[in-house]
Each structure stands twice: as structure tokens, then as C-alpha cells.
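Engineer: Let's see this in three dimensions:
(2 chains, ligands or ions: 2)
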Amino acid sequence: MSAPARSPQELHDTIAGGIGESPLRPDGTLKVRGEFAYSSDLWHEDMLWGATLRSPHPHARIVRLDVSRALAQPGVHAVLTHEDVPGENVYGLKYQDTPALAADLVRYQGEPIAILAADHPEIARQALKEIVVEYDVLEPITDPERAAHDATLPKLHPGGNLVRHQRIVKGDPAATADVVVSGVYEIGMQDQAFLGPESGLAVPAEDGGVDLYLATQWLHVDQRQTAKALGLPVDKVRLTLSGVGGAFGGREDLSMQIHSCMLALRTGRPVKMSYNRLESFFGHVHRHPAKMYYEHGATKDGKLVYVRAKMYFDGGAYASKTPVVVGNGTTLSVGPYDVPNAHIEGWGVYTNNPTCGAMRGLGAVQPTYAYESQMDKLAAALDMDPAELRIRNALSEGSTVVTGQVVDFPAPVAELVQRVRDLPLPPEPAGERDIRELPGGASNTTHGEGVVRGVGYGVTIKNISYAEGLDDYSTARVRLEVLGGEAVAMVHTAAAEVGQGLVTLQQQIARTELGLTRVSVHPADTSVGDAGSSSASRQTYVTGGAVRNACRAVAEAVYARLGVSAEGMSLTGGKVVAADGEVVADLAELLGDAAIEETREFHHRPTYPLDPETGQGDAHVQYGFSAHRAVVDVDLDLGLVKVVQLDCAQDVGKAMNPDAVVAQIQGGSAQGLGLAVMEEILVKDGKVRNPSFTDYLIPTILDMPPMRVDVLERPDPHAPYGVRGVGEPPTISATPAIANAIRAATGLELPRVPIRPEHITGV
Amino acid sequence: MRVNVTVNGESRRADNVWEGESLLYVLRERLGLPGSKNACEQGECGSCTVYLDGVPACACLVAAGQAEGREVVTVEGLASGDDLDPVQESFVEQGAVQCGFCTPGLLVAAHDLIERVPDPSDVEIREALAGNLCRCTGYEKILDAVRDAAAKKAVR
Ligand code: FES
Ligand code: FES
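Structural biologist: Residues are numbered from 1 along each chain as shown, chains lettered A, B, ... in the order given. Ligands and ions are numbered 1, 2, ... in the order given. I've put the predicted structure just below:
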């Protein structure tokens, strides 16, 4: 069958600009015209609509499942259950523990049980109601701390309820100190809340395989998992990326991939699935809620002596990224600080709460909130300026982190804190204030009496790329050819553009390396090698490295064709230029009809697993650092918070596209603000109480304050172009900065985020 | 049922429309205009904002039948031919588009604001766009884009 009528577009827009400049996105014009094909826009003549039946119970045994009535509905073409899964009914990113369709046990509310395909989405929705499922409802396991330690609880999986336990011991774990502060911190379940729904179109192919057009973060990992469930060889399940409306980690796990392909293969017709917002809340994994016990010890003059911590991460029903969350959470547990002694333990557990997995700042968001709260508490105990305490303990190049790894690249933590501290503060409020600028805005009932201001800091360290020994790599194919008399390049990778601007960056690299202007970007698909995931702030680093390598191989091939040594040669302005500036050849003439195409991989330097007992090991390839300062106004009577200003200083190694870097920092900071004061999936007895944008609140333009962004460039000698991952750190450090500012304003302990009005008013 | 509606200046007809279908569904799935986006379909995010008889409305909250005989302008209708509207130009130039899923709705809302208030203050921009969620940008660049578009329109 042919490609869908609305299908992913090749991006040709030629907007000059190489590395270090800020050319515009090649997909910008398509997007503002409404012509960009997002996954929910895909359309095929003759297509059917898929829909999913989900469990209303968080924990239950399925005693009877009868789809006959649904199948008899006019306009319904197939109704499938676990019995129809052609291959293995199990998938997973780290552990293979998730059924494509539940067989006997459901482990969370919203778990898929049956799928169907119909002529119209409404027929599909109505037919779902005709599927009969009888449940034996079971008591849900909902307390992660109990799940970690109480062996009497029922086992949700054959191996028990523990996903991963990791201990980290550095120096003398029993060290003592002059000044000790401790606290217990909790963080609620945050949602990625990307705007583009989970959606895709599966088209059955003549060779018995299937072509899937979809929004995802990692085409090849989806391909492998889907093919296994379909019982097909990997090359018969071909995936093409369509427009992605944001991801933030929420598209790392499968949603409709296997389901839509099963329906397409069964009906022999293209099947489109597109979740609505309610289903989206159930159809993707969320950020791990956590409970963390921390103790910090310091000398009288404010040098950290030790950190001891225990942290519990609620992974929900399936493992997803929980093993990584435990790894990141423990290895980043003391923050960007030099700490000689530490004893850290982290547990990731199974419960019957919604499954948790990847979200921006994976595993670092939780401990950062806790240790940055502790740093302020320590500063208060020492009667010291909180920024000063952070500077005094800041990690720097040559420091040894808690896993024993030596930081062998720039780590300008102290400088980031200084710089964000030195940015101008907003003017102190005076006189009558515009009610719209007060906490609560126009709906405020006071006029500023009882409003207090506070300033707070948050600083973080985040690992970039995949860790703990994973061979993390990307592949790029670059083709150089003559079109319309001009040498042009085409870049083809499987790397997912999820909104972050990777397509722009691929063009910038190719322009710089090949010395030409016109570079197009081919839609990402599985016909080129694996690029890994658009997550862990790794895509610019790893795919950027692969595009660079492929371009350099193309350049080598050009010199070889010319019969000259590459020594001193360069490609500039469509010409081959010698070291002395002499033009050796015109690229278009040299190429003629014979294009040059090269495919190369980029692997970053190896990382190593952690010692299971001591947690020592060179687990991470690179760290990113950012610091935030927040200024807040708090209405003490109503408990309302207005973030007045939020500033950030971040080291990005090399700003490949300075405008896009700033935009990432602004967007990431907004998500951190959301977690600080409003965003939480409320779960009670394993059931989600607020699966809608009416009740799950994300920051609006009224909630986001003006931001100053100070970008540092301290190149990492080990990274292509010196880059350092940018996407995640700002999300992480924004949350504690705001929480600390609210504490500074109110004097309250506030050991939980999001901070709600009732936490401030105490009613 | 049959629905007749003028969309972006053209009179269009959709047949076999179900009672429960929204204007958004009819635009996207029946009339081949997927520019207006389906992010929440509950009137909460503004991604589906269109002009309905000249007034911005969430197309997901308008029943298809309610649009009978009325005039709709979608994001696809903002540009004239190859020429982008200033508000579209500014969104691209100021980096206000990341994933772009919120963009069509924001463009219609921002277009309407500048039509009504040619030189909006920051507070006015924020209030006018408070019904349009964006998860990617943090809104700073969106503010830049609206200011820039207003300035451009003032010159033209
Ligand atoms: S899709 Fe209509 S308001 Fe969200
Ligand atoms: S750009 Fe992605 S939601 Fe606004």
C-alpha cells in the first residue's frame, strides 16, 4: 500500500547559518501555515480508526473476556485481545515485563485489555462498551516504601516488587560533623503533558509486513519491541517519524505502536489511532513520585562533610525506566557539590499506581529538590548566605563525584551560582500595585496586603546521554549531489525531532562541515541506522557527532575523487579550497552526476556499570550544570504564589544555535515551575483523579514570569564541538529555586512539591 | 446530517456528519484542513482556536451543526497565498515555534488580539493568550513574536 496522503515532509527550507549561528527552523513555515503533518493529522484513503479498552481497576484478575458483541456491531472490523498477539505478548525498555494486552492480571488503572478497529471514531468508542470483561477486583499496592521492604505483600511480578536497589558508599559513610540538618521530602507525580496526542497510522504492506507512521522519541527501539510482539522480522516493521507535538520522555514507552499494527495486519487496511487527552493520561508513563530522607553534615565554616540519603521511587505497574531512575537518582544524589563522605540508598519499586518512566530530568529532578532544600536548611543553620554556601561547596574540574568518577571536563558550578546571583533583581514593589501582577492575578480578592517576597536558588547536576555501560550511539547518512547546478547535501538520520530543533542543527553541522548553503533533512525512518533516543539531552551530542562524522567522510571522498590529499583542504562556498586559499575545484563540477553518499556512526566514550555493593564506577559520560534564582510573591492569606522572576545560568559547552539554546532553557524552566507550584497527577488508591487539562494544570503565559538567561560556553574536550547537553538541567534546577524562594518568603518548612495553597495557609 | 460552512472564504459541504461531531473533527477529518490541532478536545488548551464569524472560538467545543451557514477562518486561512501574515512571520522569526502543536491556535488568538489592540502591552498579551497552552517554549519567545508582529502590522 502507498504512503498516507498526509505524510511526513522532507525539509528543504534554506535558511543560511552554520554552527554557532541561529538560523531558523526549516519546518517553521510549514508549522505556522498549519501544513506540517503531525501524527494525528495522518490520513489514508480507506483507513479505519483504532480504539483501546482499558481497565477501570488498578489491580484485578480478569475472569472473563468476551468480545463477540462488539465484533457484531456494524462498522466494526476487528476486535483483538491478548490471544491475538501474534508474537510475544511482552515488551519493555529495560525489562521485558509489560504485556501488549493484559492476559489475566491488570496492574494499573488504564491498562489496555482489548483493541478494535471501526469505520468512525464514534463507532469505535461505542463498540468498546460492548466488550464484556469480568474482574475479580484486588486490593492495590500503593505505598512504595512498603513495596520495597514488606515481603508479605502480594508479588506484582514474578521477581517480587523491587525493580532496583542501588547503594553508593563514598569515604567514611559514618562520618560525623559539627552541624547537621535533616529532612524528609516528597515529590508528586508529574506528567509530560505534551500537546500532540499519542497517534499513528499503520499501513499493511504487500510483503506481509507493516509500515507505521508515528510520533515517537526512538524509532528503532519501537521497531524492535513492535516486531517482537507482531512475531515479524525487524525489517518487516518499518517506522517513519511524523510530526511530533512534544515528548519530554513521555513517548519513550510504547503506546499505540503494537496495537495499531495488529489491527492493520488483521484487517488488511490502514488503521489510525489517536488518543484523546483522557486516554493520553493513561496511555503514557509519568514522572516517578519519590520520598527522600536526607541528612547533611557540615563543618562550622560551611564545608560539607557528609550526605546520607534514602530515596524511594514509585515505578508503578511496570519497570519502564525505573532502573535508570534509581541509577541517576543515586549517582546524582549529592548534587553539584564536593562531598567527601556519603552513604546513599535508592529503591525503585513496583506498585499498582500508574506506571512511571522517562520525563525530562530523569531521576535528577527528585534528589535535586531534596538536596537543594537541604542546602538552604544548612545555610540557615550556619547563618550563611545560601548562594555562598553553594559556591563554597561547588564541584569543579578535577573533583571526584560520589561514584568515585573524576570530573575531567569543565564544571563551572561556582561561576553559574555567582552569575545568576549577580543578575539584576526586579524592583521591590512599592505603592498601589496592578492587581493583575499579584498572586492569583485578576481573580485575587486582596490588594497586596499580606503579600511577601522571597528569593531562592536551585543548582543541579545532570548526566548527559545513556550511562552505566550502555553503548550509546547514533548513525547518520549524508549525501552530496548536484541539484539545479548547485551542490546540495541531504542529511538522513533516524533521530526524532520532537520540537527541540534537531532538524535545524543537522543543517547547521552539514553547512559548516561541507561549506555549502543548501541542506535538506530527510524524514527520520528506520531505513537508516539507529540514532538512539531523543532523550537524556543526548541528541545534539550523539547525532550531531554522527552527522559530523558522515560529513567528514563525504569530504574525504571529495578529496579522493579529486586525487588530492585531505591535508589542509577544506570545503568552502561550494568550492574545494587548499590551505593557501587557492580554489582547487568547483564542487558541483566535480560531482557531476555521481553523488557521494557516506554513512557513519558516532559512539561516545565508554561508561561503566556501578559496583552493586559500593556504587562506585565511571557511570556517566558527561554532566550538565545549571543554576536558577527565583523571586516569588506569596499571598499568605490565600496561599497563592506568583513567580515574579525566574533567572537561569547554564553551561552549554558550545552554543550550537544560541537562540534555540535559550528557548530550551526557557521551556525547561516552565516545566520546573509547573512542578514547583501546580503540576501533579493526583492518585488515590491507585486511581487517577485528574486526567484532564481542566484538573491537571500546566503553566500558562500568565504563570510564567520574565526570564533572564545567561549562557556559558566552557567546551567539553571529549564532546563533538565541545557541546554539553542542554535540554534537561533547566527543568531540574527551576523547581527547588522556586520552592526555596517560597520558603524564604514564608518561613515555612514546605517539604513537598507541588506546593499548594493549603500548604502555605495551613488549612 | 449535512453541514454547509464557509471556510477560509470558500463554501464547503460535509455529508454524513454525525450528530456528535465537532467543528474541529469536520475541519480536520472531513474537509482536509488539519491545521487546527486536537490537543485536548475539551476547550482547555486553545490549540484548535479558529475564527467563527470573526470571533475566536475553540473548534472542539463547537458542534458541527452549530457551524451551519457560518464563516470559519482557520490557521490555513491566515496567509494570503505565499505571503505569510505578519503574525506567522514573527512566530517563525522569533523562535516562538518549537514542536508547533500549540502554534495554530496561538496564531489565531494573537492575530485577533492585534486586530483589536494594535499595540498591546505585555499584560494585555498575557491575558489574551492565557487560554492557549504551550508546553515547549516557556512563552518568552511567544511574547517576543506578538510584540514583533504588532510592530510589523503598525508599519504596513
Ligand atoms: S483542542 Fe480545543 S481547546 Fe484543546
Ligand atoms: S511549541 Fe510545543 S506546545 Fe507550543
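
Engineer: hey, where'd the strands end up in chain B?
Structural biologist: Counting by DSSP state E, one finds strands in chain B at the ranges B:3-7, B:10-14, B:49-52, B:55-58, B:71-73.

Engineer: Quick one: those strands as JSON lines, columns for mean pLDDT, mean neighbour count and distance to residue A:327 too.
Structural biologist: (C-beta placed from N, C-alpha, C; glycine too.) Shown next, in JSON lines, are those (pLDDT from 0 to 100; neighbours: other Cβ atoms under 10 Å in any protein chain shown; distance: least, Cβ to Cβ, whole Å):
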{"stretch": "strand B:3-7", "mean pLDDT": "96", "mean neighbour count": "19", "distance to residue A:327": "52"}
{"stretch": "strand B:10-14", "mean pLDDT": "95", "mean neighbour count": "13", "distance to residue A:327": "53"}
{"stretch": "strand B:49-52", "mean pLDDT": "98", "mean neighbour count": "24", "distance to residue A:327": "43"}
{"stretch": "strand B:55-58", "mean pLDDT": "97", "mean neighbour count": "18", "distance to residue A:327": "43"}
{"stretch": "strand B:71-73", "mean pLDDT": "98", "mean neighbour count": "20", "distance to residue A:327": "51"}
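
Engineer: can you redo the ones you listed as CSV with distance to ligand 1?
Structural biologist: Shown next, in CSV, are those (distance: least, Cβ to the nearest ligand atom, whole Å):
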stretch, distance to ligand 1
strand B:3-7, 17
strand B:10-14, 19
strand B:49-52, 7
strand B:55-58, 4
strand B:71-73, 14
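
Engineer: all helices of the stretch 601-750 of chain A, in order?
Structural biologist: For the stretch 601-750 of chain A, the helices defined by DSSP state H, counting those that start in this stretch cover A:658-677, A:729-746.

Engineer: same for the last one, what does it pack against?
Structural biologist: It stands for helix A:729-746. Applying 3 or more Cβ pairs under 8 Å, 6 or more residues apart in numbering or on different chains; DSSP states H and E, one finds that helix A:729-746 contacts helix A:365-382, strand A:451-464, strand A:622-635, strand A:640-651, helix A:658-677.

Engineer: Which among these is found nearest to ligand 1?
Structural biologist: Of all the helices and strands packed on helix A:729-746, it is helix A:658-677 that lies closest to ligand 1, at 17.6 Å by Cβ to the nearest ligand atom.

Engineer: circling back: out of the helices of the stretch 601-750 of chain A, nearest to residue A:401?
Structural biologist: helix A:729-746 (15.6 Å; Cβ to Cβ).

Engineer: ok now do residue A:447, which residues does it touch?
Structural biologist: Residue A:447 is in contact with A:432-433, A:435, A:438, counting by Cβ atoms under 8 Å, 6 or more residues apart in numbering or on different chains.

Engineer: just those residues now: which is nearest residue A:406?
Structural biologist: Nearest to residue A:406 among the contacts of residue A:447, with distances taken as Cβ to Cβ, is residue A:438, at 49.2 Å.

Engineer: so how far is residue A:666 from that closest one?
Structural biologist: Residue A:438 is 23 Å from residue A:666, where distance means Cβ to Cβ, to the nearest Å.

Engineer: Looking at those two, which one has more neighbours?
Structural biologist: With neighbours defined as other Cβ atoms under 10 Å in any protein chain shown, residue A:438 and residue A:666 compare such that residue A:666 has more, 24 against 20.

Engineer: Got a PyMOL select line for the buried ones in the contacts of residue A:447?
Structural biologist: Filtering the contacts of residue A:447 down to the buried ones (16 or more other Cβ atoms under 10 Å in any protein chain shown) takes a single PyMOL command:
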select buried, chain A and resi 438
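
Engineer: Keep only those of the contacts of residue A:447 that are in helices.
Structural biologist: Using DSSP state H, no member of the contacts of residue A:447 falls within helices.

Engineer: so which pair among the contacts of residue A:447 is furthest apart in space?
Structural biologist: A:432 and A:438 (11.0 Å).

Engineer: what's the overlap in contacts for these two?
Structural biologist: A:447-448.

Engineer: picking up where we left off before, out of the contacts of residue A:447, who's nearest ligand 2?
Structural biologist: Nearest to ligand 2 among these, with distances taken as Cβ to the nearest ligand atom, is residue A:438, at 26.9 Å.

Engineer: Next one: the closest residue to residue A:492 other than its chain neighbours relative to residue A:476, how far apart?
Structural biologist: Of all residues not flanking residue A:492 in the chain, residue A:522 sits nearest, at 3.9 Å (Cβ to Cβ, 6 or more residues apart in numbering or on different chains). Using Cβ to Cβ, residue A:522 is found at 10 Å from residue A:476.

Engineer: Settle it for me: which of these two has more neighbours?
Structural biologist: More neighbours surround residue A:476 than the other of residue A:522 and residue A:476, with 31 against 17 (other Cβ under 10 Å).

Engineer: And the helices and strands packed on helix A:729-746: which comes nearest residue A:197?
Structural biologist: Minimum separation from residue A:197 across those (Cβ to Cβ) falls at helix A:658-677, 18.6 Å.

Engineer: list the helices and strands the closest one packs on?
Structural biologist: strand A:622-635, strand A:640-651, strand A:707-712, helix A:729-746, strand A:752-753, helix B:140-155.

Engineer: now the helices and strands packed on helix A:729-746 in TSV, with mean pLDDT and distance to ligand 2?
Structural biologist: Formatted as TSV, the helices and strands packed on helix A:729-746 follow (pLDDT from 0 to 100; distance: least, Cβ to the nearest ligand atom, whole Å):
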stretch	mean pLDDT	distance to ligand 2
helix A:365-382	98	20
strand A:451-464	96	22
strand A:622-635	97	21
strand A:640-651	97	18
helix A:658-677	97	8
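
Engineer: looking at this, residue A:135 is in a helix?
Structural biologist: No: read with DSSP: H, G, I helix; E, B strand; the rest coil, residue A:135 is strand and lies in no helix.

Engineer: for the residue in chain B that chain A sits nearest to, what are its contacts?
Structural biologist: Closest residue of chain B to chain A, Cβ to the nearest Cβ: residue B:35 (2.2 Å). Counting by Cβ under 8 Å, 6+ apart, residue B:35 makes contact with A:33-35, B:74-76, B:104.

Engineer: State the distance from it to residue A:590.
Structural biologist: From residue B:35 to residue A:590 the distance is 43 Å (Cβ to Cβ).

Engineer: Pull the number of nearby residues for the residue of chain A found nearest ligand 1.
Structural biologist: As assessed by Cβ to the nearest ligand atom, ligand 1 sits closest to residue A:693 within chain A, at 7.0 Å. For residue A:693, the neighbour count with other Cβ under 10 Å is 22.

Engineer: you'd agree it is up against residue B:44?
Structural biologist: Yes: the pair residue A:693 / residue B:44 is scored as a contact, 3.7 Å apart, by Cβ atoms under 8 Å.

Engineer: Pull up the overlap in contacts between the two.
Structural biologist: A:277, B:133.

Engineer: Out of the contacts of residue B:35, list just those in helices.
Structural biologist: Counting by DSSP H, the part of the contacts of residue B:35 found in helices is residue B:104.

Engineer: tell me, how many neighbours does residue A:332 end up with?
Structural biologist: 28.

Engineer: Nearest spatial neighbour of it, chain-adjacent residues omitted?
Structural biologist: Spatial nearest neighbour of residue A:332, excluding adjacent residues (Cβ to Cβ, 6+ apart): residue A:364 at 4.8 Å.

Engineer: OK, contacts around that neighbour?
Structural biologist: A:328-329, A:332, A:460-463, A:728, A:732.

Engineer: No further questions, thank you.
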